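Visitor: could you look at this predicted model? Sequence included:
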Amino acid sequence: MNKLFTDTARKVWVVLKPWVVIAVVMMFLRYTGLLSGISYLTGAALMHTGAFDAKMDEPAVARKFNYNFKIRDLQGTLRAADSFRNKILFLNIWATWCGPCRMEMPSIQNLYNQMDSTKVAFIMLSVDRPQDLQKVQSYIADKAFTFPVYVPAGTLPNLLQVTSIPTTFIIAPDGKVVSSESGAANYDTPEFRKFLESIQLP
């Protein structure tokens, strides 16, 4: 009886062993923070395949952007969103703990480098906790990103209270939301630059 039990247990262990090892490795990667790094590298590689290219889909329901809120840059300077009127607005909602957010940021930096700042304004809006401001500052500095980064200075309008990040909105100078993208995307494409340049300025 004991031999039968031992043989059965051994066979079960042979089947389960690979899964136990995988589970242990995944737990180790997760709790050491290495898993997000692996996800980032995998996602960054996929960015170059074209699978993540921004789709530039217009929202099903036409919406007007609510400029009635304020933001702060990473030096603490307060700015009214209303000051971005009459420009094309690229508004990205992200956080330092969000792997897909980090994955798409190099493409946003490349796009920012190529855009005319007199026509297109960028708001990279971090939704990290207020007490994690230094983490945001360190991340941006470490990656040498130069696009404008802000944090909320009060309550955001309903449109920007998104349920998933990253989320990106493109707002025309007349305040119409002309495109929104949920999830990581590659914005450094000729098609997306052409799309931005096609938006009419006042």
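Guide: Received, thanks.

Visitor: report all helices and strands that the helix or strand containing S138 contacts.
Guide: Assigned by DSSP states H and E, S138 falls within helix 133-143. Contacts defined by 3 or more CB pairs under 8 Å, 6 or more residues apart in numbering; DSSP states H and E place helix 133-143 against strand 149-152. Glycine gets a C-beta too; all of them are placed from N, C-alpha and C.

Visitor: the helix or strand that the strand it packs on is followed by pairs with which strands, and in what direction?
Guide: Next in sequence after strand 149-152, counting helices and strands by DSSP H and E, comes strand 167-171. Here strand 167-171 is paired, per DSSP bridges, with strand 88-94 (antiparallel), strand 177-182 (antiparallel).

Visitor: tell me the buried residues in the helix holding S138?
Guide: 136-137, 139-140 (16 or more other CB atoms under 10 Å).

Visitor: quick check: the farthest pair among those?
Guide: Q137 and Y139 (7.4 Å; CB to CB).

Visitor: for this protein, give me the ranges with low pLDDT.
Guide: For the chain, the stretches flagged by pLDDT under 70 are 1-62.

Visitor: ranges for the helices of it?
Guide: Listed in chain order, the helices of the chain (DSSP state H) span 2-32, 34-47, 99-114, 133-143, 190-198.

Visitor: how many residues are close by I123?
Guide: 21 (other CB atoms under 10 Å).

Visitor: so how far is D128 from the spatially closest residue to it that is not a sequence neighbour?
Guide: Residue nearest to I123 in three dimensions, not counting chain neighbours: L91, with 4.5 Å by CB to CB, 6 or more residues apart in numbering. According to CB to CB, to the nearest Å, L91 stands 16 Å off from D128.

Visitor: with E104 instead?
Guide: 17 Å.

Visitor: name the residue in these two with the higher neighbour count.
Guide: Set side by side, E104 and D128 show more neighbours around E104, with 26 against 17, by other CB under 10 Å.

Visitor: how near is the nearest residue to that one once chain neighbours are set aside to D174?
Guide: Once flanking residues are discounted, E104 sits nearest to A184: 4.4 Å by CB to CB, 6+ apart. The gap separating A184 from D174 is 28 Å, by CB to CB.

Visitor: would you tell me which of the strands paired with strand 167-171 gets closest to N158?
Guide: strand 177-182 (12.2 Å).

Visitor: next, the buried residues of the closest one.
Guide: By neighbour count on 16+ other CB under 10 Å, the buried set for strand 177-182 is 177-181.

Visitor: and the strands paired with strand 167-171 as a markdown table, adding distance to K70?
Guide: Formatted as a markdown table, those follow (distance: least, CB to CB, whole Å):
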| stretch | distance to K70 |
| --- | --- |
| strand 88-94 | 14 |
| strand 177-182 | 19 |
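
Visitor: so which of those comes closest to L160?
Guide: The nearest among the strands paired with strand 167-171, by CB to CB, is strand 88-94 at 6.4 Å.

Visitor: tell me what angle that closest one forms with helix 190-198.
Guide: With axes from the mean of the first three to the mean of the last three CA atoms, to 10 degrees applied, the angle from strand 88-94 to helix 190-198 works out at 130 degrees.
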